[in-house]
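K.L.:
how would this look folded up:
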Amino acid sequence: MRTSFIPGELWPDDHGVHINAHGGGILQHNGSYYWYGEHKIEGTAGNSAQVGVHVYVSDDLYNWRDGGIALDIRDNRVPELPTGCVLERPKVLRSRTTGQFVMHFHFESDKRYDDAAIGFAVADHPLGPFVFHHVQRPVPGHWPVNTPPELKDSESIKQAKEIYAQGGKAIRAHANDANLLGACIERGQESRDMGVFVDDDGTAYQVYSSEMNSTTHIAELTPDLLGYTGRFCRIFVKRFMEAPCIFKRHGKYYFIGSGCTGWKPNAARSAVAESLFGPWEELGNPACDEDGDTTYRSQSTFVLPLANDQYIFMADRWTPENAIDGRYLWLPIQFADDRPLIHAPAEWRLKL
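P.N.:
Numbering: from 1, shown residues only. Prediction:
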């Protein structure tokens, strides 16, 4: 039995097998914790989805029981999620109106990353099985609540649509200057790395990298968690962030994410706001020990709030050459003058 966290080491489940739940998130339900993440296989093939989403269950966060494959896409059994697609960063919430458990994940039909969409799946039990519901881009037909007037200019939208029609390479080349927001109004906004957040009033939101990863969006979800109210905002415009996480502490909203360097780790970003839709104040890299310039060779995926003013920074140490060997860094978040700080102890325990 484990009684502590040992970041970066192999983390065996109840069968003695390294936990296989990468890019994941935690659901708390009826006194138990459910950890959902990408199931990887050996080698580079594991960098695309070959199996689906794995789930584990724990009573103490140290020791995890294998709950099986919560969303199974093997053998092309879900035509809309073909084996070998990109299915990343799964997060599960429970709808306060329907009682269903709803899984959200970043979806791409292939490695061109042109879909930039979010997938939805539903289940009646946290262990699943989750059933595919639909894939879409967020907030089609809606403008952000903080849209600058110039982005609604018809000529800039027309020019951006022409760039968009040329495909990914042209879009990436113009990520800094084209009106990608306007180009995507009808279809819906791009969404790649994504996370979820539930506010104190029970309203749920998705936070995701959009506009060719140049700008972060926060979008309000409908109460059934299967769609969008249309209310959303843009933050960190042209700051090129991914791996977004939002949490709340003492009435303030906090953001932790990363720069955009693919599998290669970089210095984390952090920010704070009095209101979820901003304005946000950037606070710099929260990783403050040696190796902090690469966030201890990891990338954020989720922040788990716990009792006694405790917050766990959950991150992945990716190994794309052998995807199944990816390791997990769960580290305590501390605060100094409302600024989050992440140290890197070799071993640590929760406060009871």
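K.L.:
secondary structure class for Ala323?
P.N.:
For Ala323, the assignment made with DSSP: H, G, I helix; E, B strand; the rest coil gives helix.
K.L.:
same check, this time on the one 10 residues further on
P.N.:
Under the three-state scheme (three-state DSSP), the conformation of Ile333 reads as strand.
K.L.:
and the pLDDT for the residue nearest to it when sequence neighbours are not counted?
P.N.:
Leaving aside its chain neighbours, Ile333 sits nearest to Tyr311 (4.1 Å; criterion: CB to CB, 6 or more residues apart in numbering). From N, CA and C alone the C-beta is placed, and that goes for glycine too. We have a pLDDT of 98 for Tyr311.
K.L.:
ditto for the one 3 residues further on
P.N.:
Reading off the per-residue confidence, Met314 sits at a pLDDT of 98.
K.L.:
then Arg96?
P.N.:
pLDDT for Arg96: 96.
K.L.:
list the contacts for it?
P.N.:
Gly202, Pro223 (CB atoms under 8 Å, 6 or more residues apart in numbering).
K.L.:
A helix includes it, no?
P.N.:
No - using three-state DSSP, the assignment for Arg96 is coil, not a helix.
K.L.:
and it, how close does it get to Phe302?
P.N.:
To Phe302, Arg96 is 20 Å away according to CB to CB, to the nearest Å.
K.L.:
now what about the helix or strand harbouring Val122, what contacts it?
P.N.:
Val122 belongs to strand 117-123 when assigned by DSSP states H and E. By CB under 8 Å, 6+ apart, the residues outside strand 117-123 that reach it are 70-71, 81, 87, 100-108, 129-138, 188, 191, 194, 206, 208, 225-226.
K.L.:
what is the subsequent helix or strand relative to that strand?
P.N.:
strand 131-136.
K.L.:
which elements pack onto the helix or strand following that following strand?
P.N.:
Next in sequence after strand 131-136, counting helices and strands by DSSP H and E, comes helix 154-165. Helix 154-165 is packed against helix 168-173, helix 180-183, with contacts defined by 3 or more CB pairs under 8 Å, 6 or more residues apart in numbering; DSSP states H and E.
K.L.:
of the ones you listed, which is nearest Asn285?
P.N.:
helix 168-173 (25.4 Å; CB to CB).
K.L.:
list the buried ones in the closest one?
P.N.:
Ile171 (16 or more other CB atoms under 10 Å).
K.L.:
can you list the residues that contact that helix?
P.N.:
With CB under 8 Å, 6+ apart, helix 168-173 has contacts from Arg112, Tyr113, Asp114, Ile163, Tyr164, Ala178, Leu180, Met212.
K.L.:
gap between the closest residue to the first one other than its chain neighbours and Asn308?
P.N.:
Using CB to CB, 6+ apart and skipping the chain neighbours, the partner closest in space to Arg112 is Gly168 (5.8 Å). Gly168 sits at a distance of 46 Å from Asn308 (criterion: CB to CB).
K.L.:
ok, now Val196?
P.N.:
23 Å.
K.L.:
what of Lys351?
P.N.:
Distance, Lys351 to Asn308, by CB to CB: 5 Å.
K.L.:
distance from the lowest-mean-pLDDT helix or strand in the chain to the middle of the chain?
P.N.:
Ranked by mean pLDDT, DSSP states H and E, the weakest helix or strand in the chain is helix 168-173, scoring a mean of 88. In terms of CA atoms, centre = their mean, to the nearest Å, the centre of helix 168-173 is set 23 Å apart from its chain centre.
K.L.:
swap in stretch 255-268?
P.N.:
Using CA atoms, centre = their mean, the offset of stretch 255-268 from its chain centre is 12 Å.
K.L.:
and stretch 171-178, by the same measure?
P.N.:
Taking the mean of its C-alpha atoms, stretch 171-178 sits 23 Å from the chain's own mean (CA atoms, centre = their mean).
K.L.:
then stretch 186-197?
P.N.:
For stretch 186-197, the distance to the chain centre is 10 Å (CA atoms, centre = their mean).
K.L.:
what comes up buried for it?
P.N.:
Of all the residues in stretch 186-197, those buried under the rule 16+ other CB under 10 Å are Gly188, Gln189, Glu190, Ser191, Arg192, Asp193, Met194, Gly195, Val196, Phe197.
K.L.:
over to stretch 322-336?
P.N.:
By neighbour count with 16+ other CB under 10 Å, stretch 322-336 contains the buried residues Ala323, Gly326, Arg327, Tyr328, Leu329, Trp330, Leu331, Pro332, Ile333.
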